[in-house]
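Colleague: Generate coordinates for the sequence data below:
(chains A and B)
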Amino acid sequence: MNFSNFLLMRQEILLLTITLLLLVSEIFISKSKKSSLVHLAIFLFGIHTAVGFFHIDECSIFGGSFQTNNLIHFFKNVLNIGVFILLLQSADWIEEKIVGENRGTEFFILLFSSLLGMYFMISAGDFLMFYIGLELSTLPIAALAAYETTKRISSEAGIKLILSAALASGVSLFGISFLYATSGSIFFHDIIEVIVSNNLTILGFILFFAGLSFKISLVPFHFWTADVYEGAPISVSSYLSVISKGAAVFILMILMFTIFKPLIHVWENLVYVVALATMFIGNLFALRQQNMKRFLAFSSIAQAGFILLGLITGTQLGTATIVYFVMIYIFSNLAAFGVVQAISLKTGKENMDDYNGLYRTNPNLSLVMMLALFSLAGIPPVAGFFGKFFLFTAAASKGYYLLVFLAVVNVTISLYYYLLVVRAMFIRKNENPIPFFKNKLYMKLGLLITVIGILALGLYSPLYDYIYELSAAFN
Amino acid sequence: MDILTLFVIIPVLTIVALVFTKGLKQARLVSMVGSIIQLGMAINLVFAYFKERAINKEIMVFTKDYVWFEQFNIHYTIGVDGISVALLLLTAIIVLAGVFISWKIADLPKEFFISLLVLASGVYGFFISLDLFTMFVFYEIAVIPMYLLIGIWGSGPKEYSAMKLTLMLMGASAVLLVGVLGIYFNSNADGGTLTFNILEIAQVNIPFEAQKLFFPLTFVGFAVLGALFPFHTWSPDGHASAPTAVSMLHAGVLMKLGGYGIFRIAMFLLPAGAMHWSWFFIILAAIGVVYGAFGAIRQTDLKYINAYASVSHLGLVLFALLTLNKIAWNGAILQSLSHGLLTALFFALIGMIYGRTHTRDISKLGGMMKILPFIGAIYVITGLAYLGLPGFSGFVAEMNIFVGAFQNPDKFQRILTVLVVSSIVITAVYILRLVGKIMMGPLVTNDCENLPKATWYEKTGILLLLIPIIGMGVAPLWLSDMLLESIQPFIQGVL
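Modeller: Model (predicted):
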């Protein structure tokens, strides 16, 4: 046994260690100081995030079932930062609602296990590891979605999520079995060599794609999204919409650009249709949402449709653009969810009408929300614009001008509903607006990081070039 | 720091300073200082430009180039020629006048001036950019503050108007985006590398098929901002609901982005596409000219009258551009400048009248000349300049356009020109009727007998706009020399 192998997967091991540390820490924390659990968790995860920035060599270990390279490593860091922001933003909620009921440790364990699953999923070198990672990342979220046990709607969300997820991974597994049947191996590097375009492989691919589409909530597999987002605690909805979706997009992209590359003539058309359907349905349904969580759910469906514009290319440009966009999307969406969470926690209000006149009472929160929405809508100079522009450039580089045209039509539709929220906050008057309140330090920090990200990620161009260099690994 | 980037930096610095201000007095003082610095820079740029032009015969001068996104060959490239210098000066004048006109803005003053300056920085950036991507970024930065400006500080159906304006303009920019990408991916047609640089793309022979496809997208993308019929509907609603300074900036500057973009991008980079499509778009432009003028006759709200008049006058700009004639192009740029100043002045005056009488309905106004002699006199002067009286800027511009347009021996174009010329008469009808009714006519009600006289800041704003109008009318030569010289390389590219 060569122990240096374990050093190469130190991110996974460190996260596992943190999870276990938190599990035992409950014994040592006195009952009167239960909130220190939150501080401990944030502190430990902060260290984990910082350690992640040290270089890890490219490798393929355990007979090729676990692999990592600079892009995968970079993406894990992005996920880490996302989860870190999420922890900061939900610290108050956890402290008030969760720790008080003695369920704090479990919350962190479930959250970190799910993240660990994502690590394994995107680092997988064979379908077995991939599948284990997929399950490990999904099952804890279902428990988390049902975490507010006193609310019926939360349990409903949990059940909906677990049923859809189980069906989705079943479908995926079915697809994988076809691939195994045609190629005789579950290892990616074996499959790449023998895969040919025949009916069985295509069927296998489509089933596999459908399974992952559930996680990314692409149309027509998006039905669970709005209900689960609405019912689940906001932290969990936020996690589902950015971290979980981001990781799923990433692995789907890697697999499509490597082992399914010979099928590109098939999946080009598939992605084309799914992208259009996802954008249009996501956007049109978002138009009339009143609940902010449902609103963001449909907006995140539409955003997934835009991501597919990068996926359709199958080139290095596509890879780089998707990673870049997902990174920006994580920051923008976390900012939006952060504001919704802050308001919901203080006042319990989650409807768009409640936001009327918010700027007059809480200018800072309104500005953060506006920046986040402009970034999601793709308005310069905030980062979302650059992300979207490059996605469109990637699609246009393959000559999909019509698709780009329909996508920009969708950008305009989406601008309408993003502006509705801006209108509520800045223009509308309200007889009893949400009163002024001060956020605690963690929430402020969480929102501040997202704002810096939204402003800096687009203007700081070397970052994109860096990602582009890393993306060479998969093409 | 180079002389051009300062045009973006100064508004941004002013915005940063504004964030720390408290109350109306500080906010307007900071914005005034910032805008005066901008105007100073713009005047300085004109002189610097003449000095530079004497020794530098490049198309663009003061060029600077910084790499931005290396992978896409996106650069922050800037440079100016006579046209952009003139438009920068126009912008600086109108921004400063706008600040003076908004001297008494009551609700959220800090936010108002910040939005105004964000808009200004977008416009400045647009006029100095030589890179399609940078240009597009600034274009959107200039459009989006309009939503808040109309939505928060507007009047009437402001939510509806703000949303309509923003969606139509952003929709247009979305169409433009496809055009820009199309140009970008054809910029290596001669075997070079892909580039967003306008001057480099102009050297490339983009295949005719691509030009045919992408010219309409690029053209319409910009023309919506220039109020091309039938995409003009955002303009009357937007103007009518906007607060005074915003109407001024919007009609005076923002709508000029459309004509400028068509000239600089659609025509310059896709000349064959322009030739192929000009017959179609010129019909739309001609309809816009006549339709806008007739529309103005039927309106009873002062702002709507002006908004439709803008559709008509800016239709002339588009019409002149599409005739593909050097003199007409010169006229188009002159018309852009002249219309910018005149409309801004008109909206400022309407704002002043509305601020005092609380109505913009012409049936309720009358005898203003007696009550408000200063505002009334300026209103009459502006009206006369608007209908193209010699001695003012409007005459010079329209003369150039019609002479240029008629030079083309093509029968179809001549017939259209004759049709379009008729708009002058219609303009005279509504302007004279308007002046006769609200200025000279009898007093309608007695409750507006004692209205406050024009204040110093209003007069300053008015004079700022009026002096260049008369200047352009009396001595147009230095300006049109500067413009003609800069049009030359473009006309060679197209014809």
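Colleague: okay, residue 17: pLDDT?
Modeller: Using chain A here. Residue A:17 is assigned a predicted lDDT (pLDDT) of 93.
Colleague: sorry, should have said chain B
Modeller: pLDDT, read off for residue B:17, is 89.
Colleague: contacting residues for it?
Modeller: Taking CB atoms under 8 Å, 6 or more residues apart in numbering or on different chains, we find residue B:17 in contact with B:30, B:34. Just so you know, the C-beta spots here come from the backbone N, C-alpha and C atoms, and that holds for glycine as well.
Colleague: helix, strand or coil for it?
Modeller: On the three-state scheme (DSSP: H, G, I helix; E, B strand; the rest coil), residue B:17 is labelled helix.
Colleague: pLDDT below threshold where in chain A?
Modeller: A:1, A:475 (pLDDT under 70).
Colleague: Flag every residue of the stretch 151-300 of chain B that's near chain A.
Modeller: B:151-152, B:158-159, B:162-163, B:166-167, B:170-171, B:174-175, B:177-178, B:181-182, B:184-185, B:213 (CB under 8 Å from any CB of the partner chain).
Colleague: Show me which of those are buried.
Modeller: Buried members of those, counted by 16 or more other CB atoms under 10 Å in any protein chain shown: B:151-152, B:158-159, B:162-163, B:166-167, B:170-171, B:174-175, B:177-178, B:181-182, B:184-185, B:213.
Colleague: Can you flag which of those belong to helices?
Modeller: Counting by DSSP state H, those place B:151-152, B:158-159, B:162-163, B:166-167, B:170-171, B:174-175, B:177-178, B:181-182, B:184-185, B:213 in helices.
Colleague: Residue in the stretch 151-300 of chain A with the shortest distance to chain B?
Modeller: Among all residues of the stretch 151-300 of chain A, residue A:287 sits closest to chain B, at 12.2 Å; criterion: CB to the nearest CB.
Colleague: hang on, residue A:60 in a strand?
Modeller: Yes: according to three-state DSSP, residue A:60 belongs to a strand.
Colleague: if I look at it, how far off is residue A:10?
Modeller: 16 Å (CB to CB, to the nearest Å).
Colleague: so the residue of the stretch 151-300 of chain A closest to chain B sits right up against residue A:418, yeah?
Modeller: No: counting by CB atoms under 8 Å, residue A:418 is not a contact partner of residue A:287; they are 10.8 Å apart.
Colleague: gap between the two ends of stretch A:424-434?
Modeller: 12 Å (CA to CA, to the nearest Å).
Colleague: Next, the buried residues of that stretch.
Modeller: A:424, A:425, A:426, A:427, A:428, A:433, A:434.
Colleague: residue boundaries of the helices in the stretch 301-450 of chain B?
Modeller: B:302-322, B:326-357, B:368-371, B:373-386, B:393-407, B:411-434 (DSSP state H, counting those that start in this stretch).
Colleague: Report how many residues lie close to residue B:47.
Modeller: Residue B:47 has 9 neighbours, counted by other CB atoms under 10 Å in any protein chain shown.
Colleague: OK, contacts around residue 217?
Modeller: You didn't say which chain, so I picked chain A. A:224, A:225, A:245, A:300, A:301, A:304.
Colleague: let's do chain B instead
Modeller: Contacts for residue B:217 (CB under 8 Å, 6+ apart) come out as B:175, B:176, B:178, B:179, B:182.
Colleague: Return the closest of these with respect to chain A.
Modeller: Ranked by distance to chain A (CB to the nearest CB), the contacts of residue B:217 are led by residue B:178 at 5.0 Å.
Colleague: which ones are touching that closest one?
Modeller: A:396, A:401, A:404, A:405, A:408, B:214, B:217.
Colleague: Quick check: phi and psi on residue A:34?
Modeller: phi -70, psi -30 (degrees, to the nearest 10).
Colleague: Tell me how many other residues crowd residue A:206.
Modeller: Residue A:206: 17 neighbours (other CB under 10 Å).
Colleague: mind listing what's buried in the strand or helix carrying it?
Modeller: Following DSSP states H and E, one finds residue A:206 within helix A:199-216. Using 16+ other CB under 10 Å as the test for burial, helix A:199-216 gives A:201-202, A:204-216.
Colleague: Just give the closest residue to the residue in chain B that chain A sits nearest to, not the sequence neighbours.
Modeller: Nearest to chain A, among the residues of chain B, is residue B:174, at 3.5 Å (CB to the nearest CB). Leaving aside its sequence neighbours, residue B:174 sits nearest to residue A:408 (CB to CB, 6 or more residues apart in numbering or on different chains; 3.5 Å).
Colleague: Nearest to chain B: which residue in chain A?
Modeller: Counting by CB to the nearest CB, chain A gets nearest chain B through residue A:408, at 3.5 Å.
Colleague: buried stuff in whichever helix or strand that residue is part of?
Modeller: Using DSSP H and E, the element containing residue A:408 is helix A:401-422. Residues A:401, A:403-422 are the ones in helix A:401-422 that count as buried (16+ other CB under 10 Å).
Colleague: Just the C-alphas of that helix, formatted as CSV.
Modeller: Extracted in CSV, the C-alpha atoms of helix A:401-422 (Å, rounded to 0.1, in the frame of the first residue of the first chain):
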residue,chain,number,x,y,z
TYR,A,401,-26.5,31.6,-34.5
LEU,A,402,-30.1,30.8,-34.4
LEU,A,403,-29.7,29.2,-31.0
VAL,A,404,-27.8,32.2,-29.8
PHE,A,405,-30.6,34.4,-31.1
LEU,A,406,-33.2,32.5,-29.3
ALA,A,407,-31.1,32.6,-26.2
VAL,A,408,-30.8,36.3,-26.3
VAL,A,409,-34.5,36.6,-26.7
ASN,A,410,-34.6,34.6,-23.4
VAL,A,411,-32.2,37.0,-21.8
THR,A,412,-34.7,39.8,-22.6
ILE,A,413,-37.6,37.8,-21.1
SER,A,414,-35.5,37.0,-18.0
LEU,A,415,-34.7,40.7,-17.7
TYR,A,416,-38.4,41.4,-17.3
TYR,A,417,-38.8,39.3,-14.2
TYR,A,418,-35.5,40.3,-12.7
LEU,A,419,-36.6,43.9,-13.1
LEU,A,420,-39.9,43.1,-11.3
VAL,A,421,-37.9,42.5,-8.2
VAL,A,422,-35.9,45.6,-8.7
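Colleague: helices or strands up against that helix?
Modeller: Judged by 3 or more CB pairs under 8 Å, 6 or more residues apart in numbering or on different chains; DSSP states H and E, helix A:401-422 is in contact with helix A:264-286, helix A:292-311, helix A:363-377, helix A:383-397, helix B:145-153, helix B:158-185.
Colleague: And stretch A:455-465, end to end?
Modeller: 18 Å.
Colleague: do stretch B:249-260 as well
Modeller: So stretch B:249-260: terminal residues 16 Å apart, CA to CA.
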